[in-house]
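Asks: okay, sequence plus prediction incoming.
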Amino acid sequence: MPVARLIGCWLLASSLSGSAAPFVPGFERFAGEAGGSLLFRELGCANCHSTTKPALPRRGPELPGLARRTRPEWLRLFLSDPQAARPGSNMPALFSGPDDPRIEPMVHYLLSLKTPSSKEINLGKDVNAERGSELYHTIGCVACHDPSPDFQPPTGRPEPAEFTYASVVFPELQTKYSLESLTRFLLNPAAIRPDGRMPSFGLSPVEATDIAAHLLDFQDSDPRNAPKQKPFAPDPAKVARGAELYTQLRCAACHEEETKLEPIAITTPDAGCLAVQTSGDIPFYALNQAQRDALKHPAGSPSPVLSLNCLACHTDQGSGGPDAARNHYFVGDEALGDTGRLPPPLTGIGRKLQPAWLTGVLQGKNRVRPYLHTRMPHYSAQTKVLTAALRDARPLPPLVAESHTDLEAGRKLLGTEGGVNCITCHTWGDRPSLGIQALDLSRLEERLQPEWFRDYLLNPAGYRPGTLMPPLWPGGKSMIPAILDGDSERQIASIWAFIAKGSGLPPGFPDVISGAFELVPKERPIVQRAFLNGAGPFAILVGFPGGVNLAYNGDTGQPARMWRGRFFDAYSTWFVRAAPFEDPLGTDVLDWPSGEPGSVDRFQGYRLETDGSPVFLLKIGGAEVSEHFSARDGTLRRELTWTGELKEPGWTHPEGATVTEEPGGGKGKRVFVYRWKP
């Protein structure tokens with residue numbers, strides 16, 4: 001069964017697709033006060049009725065060259081009933097039905113329009129629909145279009161109830177396209193649809209052919225065996241009649257960028273294009289009642305973010321992003337959590353990014369998250385409008401003056417030798433980080449605005465809730481008073497100054513030649529993420545000076561193991577792409593029993609105290625709970641505190657340890673001390 005039909009059958013089960021009304025994603029999810037204005041632009045109303053050109057006009061596809069990419073039988077169906085040929089189409093019905101005698105002349109005219117000859121696409125000798133399915137479901141296509149029900153994402157297929165909004169529905173692709181014509185379209189959508197509503201994903205010819213094979217359900221491995229587009233011979237008399245109809249029906253208003261057509265005044269809001277039934281002589285949009293009501297009172301200025309459906313992938317001020325169903329298809333580096341698989345928020349993006357960098361992102365030139373499988377689409381023609389819409393001119397407090405910064409202090413703060421351990425998680429140029437491979441820090445000044453950088457370091461979760469980035473200056477206070485007298489503003493400004501102008505590496509990168517990969521806590525604890533047997537793939541290891549060590553399960557939010565002696569060998573974690581599960585280097589390993597499933601509602605990350613000891617943050621039964629671990633005289637101390645009402649879950653302890661409880665506990669606090677038995 002063709003993929004397009006499979007998709008349609010599956011979505012019918014969720015009662016979300018197959019709408020007879022035009023489908024505008026931004027209106028369906030985020031209509032708001034500007035919903036009418038959004039429809040006025042996205043349905044092409046402004047093309048006929050506005051005296052001024054919209055900032056981001058909605059255009060129909062380029063018509064020259066239609067014969068090379070569209071089969072005549074599909075074009076006839078589309079002209080006779082756009083909603084039947086492509087449910088949700090924004091193309092109005094211009095004819096009375098399949099028997100309308102005007103359709104055939106229009107078909108001949110449209111298929112007669114020539115385009116400057118372009119080089120034939122070499123489809124190669126190998127095409128793989130399965131490979132195309134993998135690409136289709138991981139690079140971002142399913143943010144706007146339906147996934148195939150036979151594709152298995154890593155977290156399992158979504159349930160129909162998880163789909164909370166409809167998708168842009170495909171037409172019967174096998175009826176419309178050949179393998180060559182669909183591949184050509186996917187390689188350069190802007191050549192056919194210049195308004196940006198279908199953007200480019202920077203596909204290679206092989207990738208485009210594979211995705212086209214998936215969408216057309218072409219299972220042969222040799223693309224030369226695919227059905228070809230048959231030549232069409234237009235009838236000159238019908239072409240002439242079709243040209244007259246093209247003018248009479250004002251098709252150029254939507255399909256040509258520059259026209260001399262006079263705008264049409266709107267005199268009857270309840271009739272014309274807003275009519276409930278077609279009269280056969282004016283465009284009929286088959287609007288639903290919500291759309292009609294919105295169009296009667298267009299107000300405000302709709303954001304280009306809604307027109308281009310940016311919120312299908314991104315969130316903005318907590319709104320948007322993929323629903324629970326589509327969330328399954330956003331994949332990347334699991335070690336980075338949601339940050340490693342979901343595109344970043346648009347919240348404050350105009351303050352965050354340098355204007356030149358934002359322009360490069362929108363044009364497909366700048367990419368800094370190699371771990372994301374989802375690709376940022378290219379919006380070259382829409383860049384100017386988008387950057388203007390995303391710009392935020394509100395001033396932020398400036399960083400400390402450069403004369404008050406210290407490059408060496410900034411270098412030390414970035415490292416692991418008395419710093420805040422940035423290189424534990426972040427790469428630096430061609431140097432991999434010491435743990436998870438998060439964003440490269442060495443060129444941040446090209447991307448970020450310094451004021452945003454400062455605000456983000458002071459409160460990472462305020463920008464991206466759930467981020468793995470810990471608050472290194474909690475409450476705006478430094479945890480390292482020995483550097484620049486603990487002045488948070490000077491410390492952050494010095495980090496920025498070193499990134500922008502400093503030379504050398506932050507301290508703490510291993511000497512690869514000497515093979516010195518064993519982590520040895522000396523003056524401060526060392527925190528290292530790793531795959532650890534007995535603590536899982538999200539283990540957070542803590543080595544304390546003095547030879548007391550802890551492994552915390554960052555997935556379940558529970559302590560997992562403690563041992564003494566040597567801490568951890570980080571070679572595989574740092575340098576092996578598919579790092580294996582490791583074991584502690586030390587001895588006398590004691591394990592916590594597995595906690596009750598669901599005993600921790602949510603693990604919320606961790607922060608570091610001024611001495612570098614970790615405080616793990618949890619939510620249990622609605623209460624905010626923190627676990628502070630420290631080492632003292634060869635023992636491991638665990639201080640639990642919480643706010644609000646908490647029915648204590650029965651704290652577990654490492655099996656085989658001597659457990660004592662310090663006095664002074666009480667409501668909202670318990671302190672346990674763990675010792676190894678003699």
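Replies: On my side now, so go ahead.
Asks: going forward, measure contacts and count neighbours with C-alpha atoms only.
Replies: OK.
Asks: what about residue 235, how many neighbours?
Replies: Counted with other C-alpha atoms under 10 Å, residues neighbouring residue 235 total 13.
Asks: thinking it is in contact with residue 108, fair?
Replies: Yes - at 6.5 Å, residue 235 and residue 108 qualify as touching, with contact defined as C-alpha atoms under 8 Å.
Asks: which SSE is residue 537 in?
Replies: strand 536-544 (DSSP states H and E).
Asks: try residue 559
Replies: Using DSSP H and E, the element containing residue 559 is strand 558-564.
Asks: what's the angle between that strand and strand 536-544?
Replies: If you take axes from the mean of the first three to the mean of the last three C-alpha atoms, to 10 degrees, strand 558-564 sits at 50 degrees to strand 536-544.
Asks: so how far is strand 558-564 off the chain centroid?
Replies: On the basis of C-alpha atoms, centre = their mean, to the nearest Å, strand 558-564 sits 35 Å off its chain's mean C-alpha point.
Asks: how about residues contacting the next helix or strand after that strand?
Replies: Going down the chain from strand 558-564, the next helix or strand is strand 568-569, by DSSP H and E. Outside strand 568-569, the residues within contact range by C-alpha atoms under 8 Å, 6 or more residues apart in numbering are 517, 518, 519, 520, 583, 584, 585, 586.
Asks: among these, which are in strands?
Replies: Mapping these onto strands (DSSP state E) picks out 518, 519.
Asks: how close does residue 26 sit to residue 406?
Replies: When distance is defined by C-alpha to C-alpha, to the nearest Å, residue 26 is 48 Å away from residue 406.
Asks: residue 236 now?
Replies: For residue 236 relative to residue 406 (C-alpha to C-alpha), the value is 78 Å.
Asks: what about those two, which has more around it?
Replies: When residue 236 and residue 406 are compared for neighbours, residue 406 comes out ahead with 20 against 13, by other C-alpha under 10 Å.
Asks: grab the nearest non-local neighbour of the more buried one.
Replies: Excluding the flanking residues, the one nearest residue 406 by C-alpha to C-alpha, 6 or more residues apart in numbering is residue 494, at 5.3 Å.
Asks: with just CA atoms, put stretch 412-429 into PDB.
Replies: What follows is stretch 412-429, C-alpha atoms only, in PDB (Å, rounded to 0.1, in the frame of the first residue of the first chain):
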ATOM      1  CA  LYS A 412      41.000  28.800  34.900                       C
ATOM      2  CA  LEU A 413      37.300  29.200  35.500                       C
ATOM      3  CA  LEU A 414      36.500  27.200  32.300                       C
ATOM      4  CA  GLY A 415      38.700  24.300  33.400                       C
ATOM      5  CA  THR A 416      38.600  21.600  36.100                       C
ATOM      6  CA  GLU A 417      41.500  22.800  38.200                       C
ATOM      7  CA  GLY A 418      39.800  25.100  40.600                       C
ATOM      8  CA  GLY A 419      37.200  26.300  38.000                       C
ATOM      9  CA  VAL A 420      33.600  25.600  37.300                       C
ATOM     10  CA  ASN A 421      34.400  22.500  35.100                       C
ATOM     11  CA  CYS A 422      32.900  23.800  31.800                       C
ATOM     12  CA  ILE A 423      35.100  21.400  29.800                       C
ATOM     13  CA  THR A 424      33.600  18.400  31.700                       C
ATOM     14  CA  CYS A 425      30.600  18.700  29.400                       C
ATOM     15  CA  HIS A 426      31.600  21.100  26.600                       C
ATOM     16  CA  THR A 427      34.000  20.600  23.800                       C
ATOM     17  CA  TRP A 428      36.700  23.200  23.100                       C
ATOM     18  CA  GLY A 429      37.600  23.500  19.400                       C
END
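Asks: with adjacent residues omitted, what lies nearest to residue 372?
Replies: Spatially, and ignoring its direct neighbours in sequence, residue 372 is nearest to residue 332 (4.8 Å; C-alpha to C-alpha, 6+ apart).
Asks: per-residue pLDDT, the one you found?
Replies: Looking at residue 332, its pLDDT is 93.
Asks: which helix or which strand is home to it?
Replies: Counting by DSSP H and E, residue 332 is part of no helix or strand.
Asks: my read: it touches residue 341, true?
Replies: Yes - using C-alpha under 8 Å, residue 332 makes contact with residue 341 at a distance of 4.3 Å.
Asks: anything in contact with each of these two?
Replies: What both residue 332 and residue 341 touch, as defined by C-alpha under 8 Å, 6+ apart, is the set 371, 372, 373.
Asks: next, count neighbours for the first one.
Replies: In this case it means residue 371. By other C-alpha under 10 Å, 17 other residues sit near residue 371.
Asks: ditto for the last one
Replies: Burial of residue 373 is recorded as 21 neighbouring residues (other C-alpha under 10 Å).
Asks: how close does it get to residue 470?
Replies: Going from residue 373 to residue 470 by C-alpha to C-alpha gives 24 Å.
Asks: please apply the same query to the first one.
Replies: Note on residue 371: its distance to residue 470, by C-alpha to C-alpha, is 20 Å.
Asks: the helix or strand where residue 590 lies packs against which elements?
Replies: Per DSSP H and E, residue 590 falls inside strand 587-591. Secondary-structure packing of strand 587-591 (3 or more C-alpha pairs under 8 Å, 6 or more residues apart in numbering; DSSP states H and E): strand 558-564.
Asks: name every strand pairing with the strand it packs on and say which way it goes.
Replies: Strand 558-564 has the following strand partners under DSSP bridges: strand 548-553 (antiparallel), strand 587-591 (antiparallel).
Asks: closest to residue 67 out of those strands?
Replies: Nearest to residue 67, of all those, is strand 548-553, at 59.8 Å by C-alpha to C-alpha.
Asks: hmm, who's touching the closest one?
Replies: Here strand 548-553 makes contact (C-alpha under 8 Å, 6+ apart) with 535-536, 538-543, 558-565, 567, 631, 634-636.
Asks: please save the CA atoms from it in CSV.
Replies: Provided in CSV are the C-alpha atoms of strand 548-553 (Å, rounded to 0.1, in the frame of the first residue of the first chain):
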residue,chain,number,x,y,z
VAL,A,548,35.4,8.4,49.0
ASN,A,549,33.4,8.1,45.8
LEU,A,550,29.8,8.1,44.8
ALA,A,551,27.8,7.1,41.7
TYR,A,552,24.3,8.7,41.4
ASN,A,553,21.7,7.5,38.9
